[in-house]
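> Okay, predicted coordinates and the sequence, questions at the end:
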Amino acid sequence: MRKVVLYELLSLDGVAEDPSAFFTTWDDELDANLAAVIATQDTVLLGRRSYDEWAGYWPNSTVQPFADFINGVTKYVATSTPLDQEWAHATAVDGDLVEFVHDLKGRPGGGDIGVHASITVAQTLLTAGVVDELTLVVAPRVAGGGRRLLDGLPSIGLQTTRAVASPTGHLLLDYRVTG
């Protein structure tokens, strides 16, 4: 069965909204971490807001390795309205997102299913119990305001599988969801 892997950039106080406001430095270990995450993924789930922002940026971006990955990967977008912007390999999810993800996980073959950005999608899937792993990158900065990834969620058991600091002080945290 395929895994759903949530990859999020967070501030120390848990804010996931607008990570460019609190990710002011980047290093080679963060690049290597991202490359390892996307190397196992062949599908990405996005929310409508993230899709609209990313479809306007990534098709012309040269920021690697993510540009080649996100432009070439199959993308499913959680939305109730048609997609306004064209972006290669993007399809709107028809129907209930949680049911769609259950079906997607059960399809034979394929790599991991990534959830990048998309706070509402991440929260919906965490609440429904369909996320298998969390890969979090925590910036050494307090955002002080904005939407937090884990607000409003039920209790979720996690097992830490990795916790390291990058040279610039970012925390790289991997968790397996245990229930």
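Right, received. Where do you want to start?
> Centroid-nearest residue for the chain?
Centroid check for the chain by C-alpha atoms, centre = their mean gives His116 as the closest residue, at 1.9 Å.
> List the contacts of that one.
By C-beta atoms under 8 Å, 6 or more residues apart in numbering, the residues touching His116 are Tyr7, Glu8, Val44, Leu46, Ser50, Ile70. (Each C-beta comes from the backbone N, C-alpha and C, glycine too.)
> Ok, His170 next?
Applying C-beta under 8 Å, 6+ apart, we find His170 in contact with Thr25, Asp27, Glu29, Leu30, Val137, Val138, Ala139, Pro140.
> Spatially, what comes nearest to the second one if we skip its sequence neighbours?
Yep, that's Asp27 we're talking about. In space, and not counting its chain neighbours, Asp27 is closest to Thr168: 4.5 Å by C-beta to C-beta, 6 or more residues apart in numbering.
> ditto for the fifth one
Nearest residue to Val137, sequence neighbours excluded (C-beta to C-beta, 6+ apart): Leu9, at 5.1 Å.
> And the one you found, how far from Val177?
Taking C-beta to C-beta, to the nearest Å as the criterion, Leu9 is separated from Val177 by 19 Å.
> swap in Gln85?
With the distance defined as C-beta to C-beta, Gln85 ends up 32 Å from Val177.
> between these two, who's got more neighbours?
Val177 (18 against 12; other C-beta atoms under 10 Å).
> Might you calculate how far the lengthiest helix in the chain sits from the centre of the chain?
Secondary structure assigned by DSSP state H gives helix 28-39 as the longest helix of the chain. The chain centre lies 13 Å from the centre of helix 28-39; the measure is C-alpha atoms, centre = their mean, to the nearest Å.
> other SSEs contacting it?
Counting contacts by 3 or more C-beta pairs under 8 Å, 6 or more residues apart in numbering; DSSP states H and E, helix 28-39 packs against strand 4-10, helix 66-72, strand 133-138, strand 171-177.
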